[in-house]
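pasting a predicted model and its sequence here:
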Amino acid sequence: MYAGTKMIAVITRETRLAGLKQRWGTASQADFLMEAAVDHEVERRRKAYSAKGVDVSDDDFLLMEASAEELTDHSAYEEEDETYQQSLRKLMQELDVDVPVREVDRRYVPNFDFDRCLAVVVIGQDGLVANVAKYVGDLPVIGVNPEPRRYDGVLLPFHVSEARAAVLRTIKQKARIEKVTLAEVNTISGQRMLAFNDFFVGCRTHASARYTLESGGSREPQSSSGVLVSTGSGATGWMSSVFNMAAGISQYVTGKEVPRLSLTRDDRKLMWTVREPFMSRHSSADNVMGMINDQEELVIGSQMPTNGIIFSDGVEDDFIEFNSGNIATITVSDQRARLVVG
């Protein structure tokens, strides 16, 4: 439709309610199933109390019901959906700046032609910005918070009412840009992928991942739950949970917490760790954490006959097959994400 014409891409995502409708067909069917889930959970808890010989009073039953309803609160889904749709409609009105605007669902981002764009506007959660930024090349990304009272918006610096001004500054090349370090993986099969937050290298199932790991001139065979590689942006995400686990274990065993490593979003280095390494006659665990500085690399060779994968930023549907014989080289990417911050 816009062939040969520059445009503004607005990246959206489905709400939880939209996901339920897509799964179950209609809102009423989704309502029925969620209500059934509440009834099932209340009955499960009642039976658990009964099995322990504990009488369930009317007050206890009401508490169970209230707790179960919190897990499947359809009104919260509806409120979230309506607020998002209102914010999106207002955003589209704000972006009437004499440049064509194209709404793009996040499912189509990996295959969308961003070469036709002047700027990319993302309306959603922080994770949506992270998932989009690695696909847009050098284009500036403008994060818009659809509901500030719900989302912290670390990567969403603009309210809907501020989007127009941010886009105009961006088009005129007067916006303040923050350059964010990305991670990059290349395989000998010719595939390449970027990560804004992190890479996971391992097995798509709960089976152990088998591979060789080479870092800093040291190479060893390993068996684990996979390898996690994090940028500075991802250091407060999945990688932080690894430190939480290590701190909890250390506190329990020694009474002391382990120190935490940290990176900033523009640091030209990556942090990696092996998740739950297993030691056997065929695998060791001498090298389970480290840094990848600029111009350095982490090399992982797959020994998984099937189900080996590499994915980034928690998006498992967009993955690289990583089976036996494939070798992945992970580095700090020359490409950086460009986030509009003012």
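Great, that's in hand. Residues are numbered from 1 along each chain as shown.

you'd agree W272 is in a strand?
Yes - counting by DSSP: H, G, I helix; E, B strand; the rest coil, W272 falls inside a strand.

for the chain, give me the ranges with low pLDDT.
Along the chain, the model assigns pLDDT under 70 to residues 1-4, 16-42, 56, 58-74.

buried ones in the biggest strand by length in it, by neighbour count?
Scanning the chain for the strand with the most residues, using DSSP state E, yields strand 327-340. Within strand 327-340, the residues scored as buried using 16 or more other C-beta atoms under 10 Å are I327, A328, I330, T331, V332, S333, R336, A337, R338, L339, V340. Every residue, glycine included, has its C-beta placed from N, CA and C.

quick one: contacts for the second one?
Meaning A328. Residues near A328 by C-beta atoms under 8 Å, 6 or more residues apart in numbering: V185, N186, T187, V201, V299, I300, G301, S302, I310, I320, F322.

separation between it and T187?
Separation of A328 from T187 (C-beta to C-beta, to the nearest Å): 5 Å.

now do the shared contacts for the two.
In terms of C-beta under 8 Å, 6+ apart, A328 and T187 are both contacted by the residues I310, I320, F322.

next step: these restricted to strands.
Using DSSP E, the shared contacts of A328 and T187 in strands are I310, I320.

of the shared contacts of A328 and T187 - the most surrounded one?
When neighbours are counted by other C-beta atoms under 10 Å, F322 leads the shared contacts of A328 and T187 with 28 neighbours.

report the contact partners of that one.
Going by C-beta under 8 Å, 6+ apart, F322 touches T187, V201, S302, M304, G308, I309, I310, A328.

how about R260?
Under the criterion of C-beta under 8 Å, 6+ apart, the neighbours of R260 are S240, F243, A247.

so the last one is in which element?
Right, A247. Using DSSP states H and E, A247 sits in helix 238-254.

list of residues touching that helix?
The contact list for helix 238-254, computed with C-beta under 8 Å, 6+ apart, reads 197-198, 228, 230, 256-258, 260-261, 271, 273, 275, 314.

can you redo those as a markdown table with secondary structure and distance to G217?
Below are the contacts of helix 238-254 laid out as a markdown table (DSSP: H, G, I helix; E, B strand; the rest coil; distance: C-beta to C-beta, whole Å):
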| residue | secondary structure | distance to G217 |
| --- | --- | --- |
| N197 | coil | 28 |
| D198 | strand | 24 |
| L228 | strand | 22 |
| S230 | strand | 22 |
| K256 | coil | 31 |
| E257 | coil | 31 |
| V258 | coil | 25 |
| R260 | coil | 26 |
| L261 | coil | 21 |
| M271 | strand | 19 |
| T273 | strand | 19 |
| R275 | coil | 23 |
| G314 | coil | 31 |
